[in-house]
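[1] Need the 3D shape of this:
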Amino acid sequence: MKNNKKKRQNIQQKGKRQSIQKGQKSDFKRSQNQSSKAIKFYDNEDSILLVGEGDLSFTKALIQPPHSCPPERITATVYDSKELLLSKYPDTASDNLIYLNEYTVTSTNKAEDTTDDEIDDNENQQQNEKVPVKVLFNVDGTNLTKTKYIRKHKVDKCIFNFPHTGSGITDQDRNVLKNQGMSSRASLNTLTKKELILAFFKSVAQVLKPSGLVMVTVFEGLPYSLWQLKDLAKSAGFSVERSGKFDWTQFPQYRHRKTSGTGDTNRKAQERDARTFVFTRTTKASNQTTQENLKRKHDSSDSDSESD
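    The predicted model follows:
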């Protein structure tokens, strides 16, 4: 009798273990699927701020298929002046800038008395409307509110692809420090990578809408995995909502360039795995930012020095 009872208990415990293991495997598989799924950079009606654009090829890719983001919803920012940008990337920047400035949208105007079954070429005319992308130069991603236009136009999403100080440091330990330090400096060239990333998160909190998202893309592997991106974001009041692979095939026009402008990266970017992290503000940080914005709005005036 006791042996039968013990057998039943063993069978029940074994069943529970198998159920738990099955659940864990299911959760792990679900996590893997979510992790490998590419992140969508644009949703309908999103207003987007692009920070640290290189030769503006990502901006160009974003308004083309398969994304087709409306150009009027994008503000692309460049750290350099227009002159320096053109000199850094003479083979691509000029053409990309012209494309963004001259971008046109084709629409069809249908006469009011024309039905869907009655298509008349004389009454249905295509119109080309010039809708340029807003491109701002001399914009510091660690001090976004310094730019008047950005301060006055809150966004739904802020995208920062492959943040880097452009210092050219090859030593891994010094590279990590260069992209992660904590103090505030005058020039991006003197910022460590921690400084750059942390200052960016603190700055972007001031230009996001209450439910706004931040998207940061970095290469996988060393030294990028040592940057402690999620910890830095957390210290600035952000948490990871999700992450996914950066799908290069979705951005065929995008050309990843060196920040210093001395040429392409040593290894083709399309051959490297990259990951996009989507951050959202914590409730506490969101409330604090709202209060700071109200105070800043009360204290600020249009007579302040601006960069447009």
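[2] my read: S81 touches L136, true?
    No: using CB atoms under 8 Å, S81 is not in contact with L136, being 11.0 Å away. Any C-beta I mention is one placed from the backbone N, CA and C, and that applies to glycine too.
[3] Please say which of the two ends up with more neighbours.
    L136 (19 against 11; other CB atoms under 10 Å).
[4] tally of neighbours for the closest residue to that one other than its chain neighbours?
    Counting by CB to CB, 6 or more residues apart in numbering, T77 is the residue found nearest to L136 once chain neighbours are left out, at 4.8 Å. By the criterion of other CB under 10 Å, T77 has 24 neighbours.
[5] ok, now S243?
    Neighbours around S243, by other CB under 10 Å: 20.
[6] Over to it: give its phi and psi.
    Reported as degrees, to the nearest 10, the phi and psi values for S243 are phi -150, psi 160.
[7] What of V135?
    As for V135, its main-chain torsions (degrees, to the nearest 10) stand at phi -120, psi 120.
[8] Q127 too?
    Residue torsions, per degrees, to the nearest 10, at Q127 are phi -120, psi 140.
[9] any idea how far K60 is from it?
    Separation of Q127 from K60 (CB to CB, to the nearest Å): 23 Å.
[10] residue boundaries of the helices in the stretch 51-200 of the chain?
    Assigned by DSSP state H, counting those that start in this stretch, the stretch 51-200 of the chain shows helices spanning 57-62, 82-88, 93-101, 148-152, 172-178, 193-204.
[11] and the ones you listed, which one is worst for confidence?
    Lowest mean pLDDT within the helices of the stretch 51-200 of the chain: helix 172-178, a mean of 46.
[12] any idea where the strands of this structure begin and end?
    48-51, 74-77, 104-110, 124-130, 134-136, 155-161, 208-219, 238-245, 274-281 (DSSP state E).
[13] Now do the second one: which elements does it pack against?
    With contacts defined as 3 or more CB pairs under 8 Å, 6 or more residues apart in numbering; DSSP states H and E, the packing partners of strand 74-77 are strand 48-51, helix 57-62, strand 134-136, helix 148-152.
[14] Which residues does the longest one contact?
    Spelled out, that is helix 57-62. 41-42, 48, 50, 53, 67, 69, 74, 76, 92, 96, 99-100, 133, 135, 161, 251-255, 257 (CB atoms under 8 Å, 6 or more residues apart in numbering).
[15] Contacts only, for the residue nearest to L136.
    By CB under 8 Å, 6+ apart, the contact set of T77 is 49-53, 135-137, 139, 141, 147, 150.
[16] Of those residues, just say which sits nearest to F277.
    Of all these, V51 has the smallest distance to F277: 14.3 Å, by CB to CB.
[17] Scan the helices and strands of this structure for the one with the lowest mean pLDDT.
    Within the chain, confidence by mean pLDDT, DSSP states H and E is lowest for helix 172-178 among all helices and strands, at a mean of 46.
[18] picking that back up, out of the helices and strands packed on strand 74-77, the one nearest G237 is which?
    strand 48-51 (17.5 Å).
[19] Count the residues that sit near G244.
    17.
[20] The residue nearest to it when sequence neighbours are not counted: neighbouring residues, count only.
    Take G244 and drop its neighbours on the chain: the residue closest to it by CB to CB, 6+ apart is I39, 4.2 Å away. For I39, the neighbour count with other CB under 10 Å is 17.
[21] Show me the shaky parts of the stretch 1-150 of the chain.
    1-36, 107-125 (pLDDT under 70).
[22] In a markdown table: the helices of the stretch 51-200 of the chain, plus mean neighbour count and distance to R275.
    As requested, the helices of the stretch 51-200 of the chain are exported to a markdown table (neighbours: other CB atoms under 10 Å; distance: least, CB to CB, whole Å):
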| stretch | mean neighbour count | distance to R275 |
| --- | --- | --- |
| helix 57-62 | 24 | 16 |
| helix 82-88 | 16 | 26 |
| helix 93-101 | 17 | 25 |
| helix 148-152 | 17 | 26 |
| helix 172-178 | 17 | 17 |
| helix 193-204 | 24 | 15 |
